[in-house]
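> Generate a structure from the sequence data that follows.
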Amino acid sequence: MAGEWINCKLADACRSIDYGLTASAADSAVGPRFLRITDIVSGHIDWNSVPYVTADDETVKKCRLDDGDIVLARTGASTGTSCYVSNPPSAIFASYLVRLKAKQEFDSRFLAYYLKSDAFWSYMRGVLGDKSAQPNASASTMTKAPLHAPRNKAEQRAIAHILGTLDDKIELNQRMNATLEEMARAVFKSWFVDFDPVRAKLALSEVEGAEGRDTGLPREIADLFPDGFEDSELGDVPEGWEVTGLHAVAVLKKESVKPMQAPAKLWEHYSIPAFDAGRAPAVETGANIKSSKYRVPTASILVSKLNPRFPRVWLPDVQDEEAAVCSTEFMSFVPLHYAWRPFLYELMKSDVVQRGIQERVTGSTGSRQRARPEDVAVMRIVVPSPELIETFGRIVGPLHEKTLNCICESRTLAALRDALLPKLISGELRVGDAARYLAV
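Model (predicted):
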């Protein structure tokens, strides 16, 4: 190994270390995308959710993000968190981020993985010390971190390729899940919000000789929809559909459990941070779960009551009902019949229900508002026939199952990446050995 690896500072591997722009973000497309700390904390940038910013040409040129750049948070609880920028749209970065550009002799993705390694975070913990109130570190301080890297850029690139292959598959799964969720959402909105099949049947019934013409749905499904509307407290709704409380399709469950009473037991912990990090529960011993939680029944749908303007609706993939718990910041709703679960999940994600939840909040500050579960449980909704709910489940349920399978696979890939990363970054594991292991 002697001579194959070099020791230097992170700054020595960078040709450019820059601060970003101080400005206010905008929701409308007034300029380039404006990347902030909150957009990188998951380790993945969803450019569709990144806001915009007004900036002149000189600022855009100075702060533009290019493929292969690395951004690093320099303040707040996420100080030291980083993200590799891959094929970005027109975008610049905010002032609480630091942008790193690698020198020609260093592979930028290798440096990005170094920033996730124990070596870098050990250094950062020493830098941050007890700055628990508002951690922060300057670009100069963070880039003094000691870097141990292969001298040969091709070997750096090979290490990054192995780890990147795993991350690329995780990102592919995320994109696939986004597509699957959009497909399910589109069917729900068409059937139960816009009432498209009802409108189509009504239109056909008003055309002479149109009886029996195609509505765009299989006949056995189209027959489950009425061909007209009636007045209700919620406006025009399909004939025969009931306007009633949410309790007509789901039950609010609040069974409390104290994991600390079984300190050695492994628990599936569904928490707000776990949802934000990829919708996979943390697996923790009871000793590490300090407060009371709610049990998570197998069929449940979890809906965050905390700050509902940021919707969090979770379809849990419970492995052991006796060991599944969730934060009390979640409301746990269980459908009256298991076959209704896909309908309940899409219902709770819908704009109509999310607006209703936001209307039922308490708390004066925007950062700590909570919806009242008992109020949500009786929210007025439009309920179709049980036969139609079950038919929807048979169509959309497989999309949900594929989504859960992708999440499970991504969790396995992430665990493998996290196991390989410190060994590859330190040189303990050779590239060839890791490649052969992944090929098995």
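> and the longest helix belonging to the chain, what's its mean pLDDT?
In the chain, assigned by DSSP state H, the helix with the most residues is helix 386-426. The average pLDDT within helix 386-426 is 95.
> Same check on stretch 357-374?
Here stretch 357-374 scores 82 as its mean pLDDT.
> Tell me the spacing between Ile357 and Leu246.
Separation of Ile357 from Leu246 (CB to CB, to the nearest Å): 10 Å. Where you see a C-beta, it was placed from the backbone N, CA and C, and this is true even at glycine.
> Name the residues contacting each of those two.
When contacts are counted by CB atoms under 8 Å, 6 or more residues apart in numbering, Ile357 and Leu246 are jointly contacted by 376, 379.
> any idea of the mean pLDDT in stretch 309-318?
In this model, stretch 309-318 has an average pLDDT of 94.
> right, and Ile395 touches Phe188 too?
No - shown here, Ile395 and Phe188 do not form a contact pair, counting by CB atoms under 8 Å, at 10.2 Å.
> more neighbours, these two?
In this view Ile395 and Phe188 are compared by other CB atoms under 10 Å, and Phe188 has more residues nearby, 20 against 14.
> The helix or strand the more buried one falls within to helix 386-426, inter-axis angle?
Element membership of Phe188, judged by DSSP states H and E, is helix 153-188. Here the directions of helix 153-188 and helix 386-426 differ by 170 degrees (axes from the mean of the first three to the mean of the last three CA atoms, to 10 degrees).
> Any buried residues in the helix or strand following helix 153-188, and which?
Downstream of helix 153-188, the first helix or strand assigned by DSSP H and E is helix 196-205. Neighbour-count burial for helix 196-205 flags 196-202, 204 (criterion: 16 or more other CB atoms under 10 Å).
> chain center to helix 196-205: distance?
From the chain centre to the centre of helix 196-205 is a distance of 37 Å (CA atoms, centre = their mean, to the nearest Å).
> Same question for stretch 17-24.
Offset of stretch 17-24 from its chain centre (CA atoms, centre = their mean): 26 Å.
> mind listing the helices for the stretch 251-400 of the chain?
Ranges of helices within the stretch 251-400 of the chain are 272-276, 341-349, 351-358, 373-377, 386-426, based on DSSP state H, counting those that start in this stretch.
> what's the most buried one of the ones you listed?
With neighbours defined as mean count of other CB atoms under 10 Å, the helices of the stretch 251-400 of the chain peak in mean count at helix 341-349, which reaches a mean of 24.
> Buried residues of the lowest-mean-pLDDT helix or strand in the chain, list them for me.
Least confident helix or strand of the chain, by mean pLDDT, DSSP states H and E, is helix 431-439 with a mean of 78. Residues of helix 431-439 classed as buried: 431, 434 (neighbour count, 16+ other CB under 10 Å).
> sorry, back to before: can you list the helices and strands that the longest helix of the chain packs against?
helix 108-114, helix 118-128, helix 153-188, helix 341-349, helix 431-439 (3 or more CB pairs under 8 Å, 6 or more residues apart in numbering; DSSP states H and E).
> can you give me the offset of it from its chain's centre?
12 Å.
> and that helix with helix 196-205, angle?
140 degrees.
> Tell me which helix or strand Leu100 sits in.
Secondary-structure assignment from DSSP H and E places Leu100 in strand 97-102.
> Pairing partners for that strand, with directions?
strand 14-19 (antiparallel), strand 70-73 (antiparallel) (DSSP bridges).
> hang on, the earlier thing: what's in contact with the least confident helix or strand of the chain?
For helix 431-439, the surrounding residues in contact (CB under 8 Å, 6+ apart) are 155, 158-159, 162, 165, 416, 420, 423-424.
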